[in-house]
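K.L.:
I'll drop the sequence and a predicted model, then ask my questions.
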Amino acid sequence: MGRKLLLEHINVPGINTLEVYRQKGGYRAVEKALKTLTPDEVVEEVKKSGLRGRGGAGFPTGMKWSFLAKPEGVARYLVCNADESEPGTFKDRYLMTYIPHALIEGMIVSSFALGANTSYIYVRGEMMPQIRILEKAIAEAKAAGFLGKNILGSGYDLELYVQSGGGAYICGEETALLESLEGKRGNPRIKPPFPAIAGLYGCPTVVNNVESIAAVVPIINDGGDEYAKVGIGRSTGTKLISASGNLVKPGVYEIELGLPVEEFIYSDEYCGGIANGKRLKATVAGGSSVPILPANLTLKYANGEPRLMSYESLAEGGFATGTMMGSGGFIAFDEDQCIVRNTWNFSRFYHHESCGQCSPCREGTGWLEKVLHRLEFGHGKMSDIDLLVDVSKKIEGNTICPLGDAAAWPVASAIRHFRDEFEWHVKEPSKSQTSNYGLANYANPIEKKEEEVKQDNS
Amino acid sequence: MLKVEETQPVEFSSALIASFDEIVKRYPAGKQKSALLPILHLVQAEFGWTSAPAMDKVAAYLNIEPIEVYEVASFYTMYFLQPKGKYVLEVCRTGPCCLVGAEKIMDHIEQNLGVKEGEVTADGLFSWRGVECLAACGFGPVLQIGPEYTFYENLTPQSVDTLIDDLRKK
Ligand SMILES: Cc1cc2nc3c(=O)[nH]c(=O)nc-3n(C[C@H](O)[C@H](O)[C@H](O)COP(=O)(O)O)c2cc1C
Ligand code: SF4
């Protein structure tokens, strides 16, 4: 059994209440931080822990905190990103539903570290039940003296509020989130200035993912050095993985970073293998924005070594043969799934969610969707495949926010690894409407052709 | 698209205004516009949609221009700019849910209700639509129903029929 730092008590009846959460050691981190540590010492522990942001980009949390500007007499804000909308990702909803006090406790400790006296949890509007759960947890924490004025006699004041979004994936991007929290359309801001200098209401602001904030609790309880001992290399600690698709046991799993991908998919402790006795065809390992990989490259590197669930290992091989950890949304595709159809579906998502500010993203995502639609529905031309590559290259890197890249990468990687299947849709337009391409060679053992793989990098 | 379907004046009850007041308190002085998204949810919960007259009233309450409300209501997907059925079934249509049968569920709902996506049943009770990822991918297919956004997971055609029957009887 891997170590659990966030979900250890998830199955304890009543753990969503303050009383039971306290019995299991909850709010110790608040007591320790506010009574025995200075804000800078809390930041130092988080730095030592090596915690990397769990929202997708993997930026070191302690470092992000140390960039926060602290001009005299200007308010600072901590905003928790609970917009969770990346297809394949549902860990934050799970954590907030079943163990809401883990987030509230993390928010108190983190706000103290940053010197914020008002903090917000921005929750996507669709999660109204979770908003109610968090509001109840906040009321309980306040009644117990963990929020409000002069918390635990430390002289530190904090008010914590839940804010509802209105339904827009783009509001997960941190500057769009801040715009939305100011009551505006969710248009990402041009950076710089970064939120650490000018964020909410123009004040210095840190935006962190739900899981990043919850991880601060074990870091403070056990110390940053202890946390850093869990995991592998620069991928320290544990990570919540949302597993979905054609698995025997989809769901949210807390893993120690460094777990072999094969064990994660096939062992009974985790996903229990592919559902209905089918074989694995492909995976999207870190949410819809990361490159899709065929089964063979999911389990092993191009050189045949096993791939692990860590930031570095998932990225091994770069875009040619690797992928990314992203938000930890792990989607498994069985042999009956159509990669072209899924790529079209994801493109429709990005087209729908583009805020429309930058032409390459607004127009490009529309073209991707349109061309993929005609390929999937049997009206495609061979030249469409290269057209898709061309459009995705023209979006990538040419936009205000990373949504453009996130729309381009899944298309580019699907064609890189599954070109045969795209071509089959053109060659067999009617057959592709009634049958599927199947597993083909996507699970075959990888031949060691390191030279060729490297050339692919161009 | 923003369509002004109705110009009937609306009244905000004092209880509704009091709930707005509670929200505005969360923000620093002068930043009351931050309350816009949460307030629009309350308006929609009360009236079933966000009509132009209701948005104008929200603008007046927050002391901002009406356009500031319209541009927000039309940007976000959760606000209805036209009247909908009493129950709007919103089914996730994104990749992971489709791997486990979301498209079949949508076809089934369309058949059961006898209306196309976005339309309202003759009795005014139901609408349905496909929406993007609801962050419940491991429990798909899923749908939600506002204004409390109750979740229904691991849907089958049978469970959808039962749900619709139960709502009809309510
Ligand atoms: C299009 C887009 C959507 C995003 N959605 C989310 C999200 O739903 N939740 C989240 O925590 N981060 C999301 N992010 C990443 C945030 O911009 C930001 O990096 C993150 O909240 C920082 O928190 P962390 O450092 O704790 O990971 C998204 C980024 C982009 C570009
Ligand atoms: S890349 Fe797309 S989503 Fe991001 S700011 Fe530009 S148009 Fe908006």
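P.N.:
Looks like it came in fine. Numbers count the residues shown, from 1 in each chain, chains lettered A, B, ... in the order given. Ligands and ions are numbered 1, 2, ... in the order given.
K.L.:
Now do the SS call for A:Gly88.
P.N.:
coil (DSSP: H, G, I helix; E, B strand; the rest coil).
K.L.:
Report how many residues lie close to it.
P.N.:
When neighbours are defined as other Cβ atoms under 10 Å in any protein chain shown, A:Gly88 has 31 of them. Where you see a C-beta, it was placed from the backbone N, CA and C, and this is true even at glycine.
K.L.:
for A:Lys70, same thing?
P.N.:
The number of residues packed near A:Lys70 is 9, by other Cβ under 10 Å.
K.L.:
Show me the residue sitting in the middle of the chain in space.
P.N.:
By default, I'm working from chain A. Using Cα atoms, centre = their mean, the residue of chain A that lies closest to the mean C-alpha position is A:Ser327, 1.7 Å off.
K.L.:
let's do chain B instead
P.N.:
Against the mean C-alpha coordinate of chain B, by Cα atoms, centre = their mean, the closest residue is B:Met78 at 4.7 Å.
K.L.:
Isn't that one up against A:Arg124?
P.N.:
No. With the criterion set as Cβ atoms under 8 Å, B:Met78 and A:Arg124 do not qualify as a contacting pair; they are 9.2 Å apart.
K.L.:
Look up the residues that both of these two are in contact with.
P.N.:
Shared between the contact lists of B:Met78 and A:Arg124 (criterion: Cβ atoms under 8 Å, 6 or more residues apart in numbering or on different chains) are residues A:Gly167.
K.L.:
Of all the residues in chain B, which one is nearest chain A?
P.N.:
Ranked by Cβ to the nearest Cβ, the top residue of chain B for proximity to chain A is B:Tyr76, at 2.9 Å.
K.L.:
quick one on the thing from earlier: which secondary structure element contains the closest residue to the residue nearest to the centre of chain B other than its chain neighbours?
P.N.:
With sequence-adjacent residues excluded and distances taken as Cβ to Cβ, 6 or more residues apart in numbering or on different chains, B:Met78 is closest to A:Gly167, at 3.6 Å. Using DSSP states H and E, A:Gly167 falls within no helix or strand.
K.L.:
Ligand 1 versus A:Gly167, what's the distance?
P.N.:
As for A:Gly167, its distance to ligand 1 is 13 Å (criterion: Cβ to the nearest ligand atom, to the nearest Å).
K.L.:
For that residue, give me its contacts.
P.N.:
The contact partners of A:Gly167, by Cβ under 8 Å, 6+ apart, come to A:124-126, B:76-79, B:131.
K.L.:
Which two of the residues you listed have the greatest separation?
P.N.:
A:Arg124 and B:Tyr79 (13.9 Å; Cβ to Cβ).
K.L.:
List phi and psi for B:Lys25.
P.N.:
phi -60, psi -20 (degrees, to the nearest 10).
K.L.:
Just give me the neighbour total for it.
P.N.:
For B:Lys25, the count of nearby residues is 10 (other Cβ under 10 Å).
K.L.:
per-residue confidence for it?
P.N.:
Here the pLDDT value assigned to B:Lys25 is 98.
K.L.:
Would you mind giving the domain segments of chain B?
P.N.:
B:14-75, B:87-169 (automatic domain parsing).
K.L.:
so does the last one get close to ligand 2?
P.N.:
So the one you mean is domain B:87-169. No. Counting by Cβ under 6 Å from any ligand atom, no contacts exist between domain B:87-169 and ligand 2, the nearest distance being 13.7 Å.
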